[in-house]
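Visitor: can you look at this prediction? I've put the sequence above it.
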Amino acid sequence: MATLNLGNIKFNWKGAYSGGTAYVVDDVVSYSGSSYICKLASTGNLPTNGTYWDQMSSAGTDGTDLTTTLTTRGDILFRDASGLQRLGAGTDGQLLKTGGAGADVSWIDAPSGDCVKINTANAAGAADIYMDNVFTDTYKYYRLVYGNLRFSGHTNGAWLRIGFRTGGSSGANHGGTYYQKHMEQYGSESSNTNNSGGMQNDSVGVQIANTWNQQTDGSPSATNSNSTYAPYRGSGMLDFFNPTQDNYKPSFIYKTQWNDSSHIGYSNGIGYNDSKITSGGITGLRINCESHNIATGFFTLYAFKL
């Protein structure tokens, strides 16, 4: 029977090329990242010698080993002028910014806008509300707004009082009996009254509104002794300029109003504490309802860029 020699029916992988190895037809080697197949028996002839070898595949461009480039959770890969690079994780709240074509990416702080809500409190059921660590050097102008405010119970002659706090997040009430207000104007739809000069000497806060002496007849000046009061609602705003400055008497400008279905009233003026703060300024507020709790209402503090 005749015998037919088919030769190799598959390639013979020999690994990396060695100059001392005798290679035969169909042997395959790797050399400088490329692979070559022997087409003529060869010893000592480099795979780049076309007489003995044919190239099967060529080496690609070396890439970046991402396991060594990206080392920390949150790392980002980007390309700079020379190649792939690592951008380490930014800080909490930062945004990724591109400089456009020809520039690298970078982390930036999130823009805060011209007006930022710093703190808000729904006041129902509280006698005191504390907003600590809300004033910082980041902003110079703040506004506290409140609305839908009504005291609970029999509130004849009760005051809404605003006090100052120091000490950052730990918070401490500032001042003794030094809270004052000046140049106050107040009135209703039927009368106006102007007052100036020192008033009150309150130990808790500036008395910005005394509007909740409402009786069942709905009149803010009623004198009957009924303990059920008309549903008056108060609102207002207070402006604080540079509250964290050193060596000054903390102050604010205020405007308030109150109304029900039959009456409207208002007050405005300047409130301050006559006890100077030598370092750190005020960092927070105390909102107090004299001898009562708040039945309804909210207080929200905003900060503005100048």
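Guide: Happy to help now that I have it. Everything numeric here is computed off the predicted structure, so don't read it as measured data.
Visitor: alpha carbons only for contacts and neighbour counts from here, please
Guide: Fine.
Visitor: just the helices from this structure, written as ranges.
Guide: 66-69 (DSSP state H).
Visitor: residue closest to the middle of it?
Guide: Gly93 (7.0 Å; Cα atoms, centre = their mean).
Visitor: per-residue pLDDT, the nearest residue to it once chain neighbours are set aside?
Guide: Nearest residue to Gly93 in three dimensions, chain neighbours excluded: Ala110, at 6.4 Å (Cα to Cα, 6 or more residues apart in numbering). According to the prediction, Ala110 has pLDDT 73.
Visitor: pull the residues that contact stretch 37-57.
Guide: For stretch 37-57, contacts defined as Cα atoms under 8 Å, 6 or more residues apart in numbering pick out 17-29, 31, 34-36.
Visitor: what's the neighbour count on the closest residue to Thr21 other than its chain neighbours?
Guide: Spatial nearest neighbour of Thr21, chain neighbours left out: Thr43 (6.0 Å); criterion: Cα to Cα, 6+ apart. Neighbour count of Thr43, defined by other Cα atoms under 10 Å: 14.
Visitor: before we move on, what about Ala110?
Guide: For Ala110, the neighbour count with other Cα under 10 Å is 11.
Visitor: that one touches Leu96, doesn't it?
Guide: No - contact between Ala110 and Leu96 fails when scored by Cα atoms under 8 Å: they sit 9.2 Å apart.
Visitor: and stretch 88-97, which residues are buried?
Guide: Gly88, Gly90 (16 or more other Cα atoms under 10 Å).
Visitor: that should have said stretch 295-306, apologies.
Guide: Neighbour counts over stretch 295-306 (16+ other Cα under 10 Å) mark Ala295, Thr296, Gly297, Phe298, Phe299, Thr300, Leu301, Tyr302, Ala303, Phe304 as buried.
Visitor: with adjacent residues omitted, what lies nearest to the last one?
Guide: Right, Phe304. Excluding its sequence neighbours, the residue lying closest to Phe304 (Cα to Cα, 6+ apart) is Cys115, at 4.6 Å.
Visitor: ok, that neighbour to Leu306 distance?
Guide: Separation of Cys115 from Leu306 (Cα to Cα, to the nearest Å) stands at 10 Å.
Visitor: same thing with Gln55?
Guide: 71 Å.
Visitor: Thr21: neighbouring residues, count only.
Guide: When neighbours are counted by other Cα under 10 Å, Thr21 registers 12.
Visitor: typo on my end, Leu66
Guide: Neighbourhood size, Leu66 [other Cα under 10 Å]: 12.
Visitor: tell me the pLDDT at it?
Guide: Leu66 carries a pLDDT value of 76.
Visitor: for the one 4 residues further on, same thing?
Guide: Each residue has a pLDDT score; the one for Leu70 is 84.
Visitor: not counting its neighbours along the chain, what's nearest it?
Guide: Leu70 sits nearest to Arg86 (Cα to Cα, 6+ apart), 6.1 Å away.
Visitor: is it true that the one you found touches Arg73?
Guide: No - with contact defined as Cα under 8 Å, Arg86 does not reach Arg73; the gap is 11.6 Å.
Visitor: what's the neighbour count on Tyr139?
Guide: For Tyr139, the number of neighbouring residues by other Cα under 10 Å comes to 18.
Visitor: read off the pLDDT value for Thr216.
Guide: 34.
Visitor: quick one on the thing from earlier: more crowded one of Arg86 and Arg73?
Guide: Neighbours were counted for Arg86 and for Arg73 using other Cα under 10 Å; Arg86 has more, 17 against 8.
Visitor: bridge partners for the more buried one, pull those for me.
Guide: On the basis of DSSP bridges, Arg86 is bridged to Leu77.
Visitor: tell me how far it lies from Ser58.
Guide: In terms of Cα to Cα, Arg86 sits 29 Å off from Ser58.
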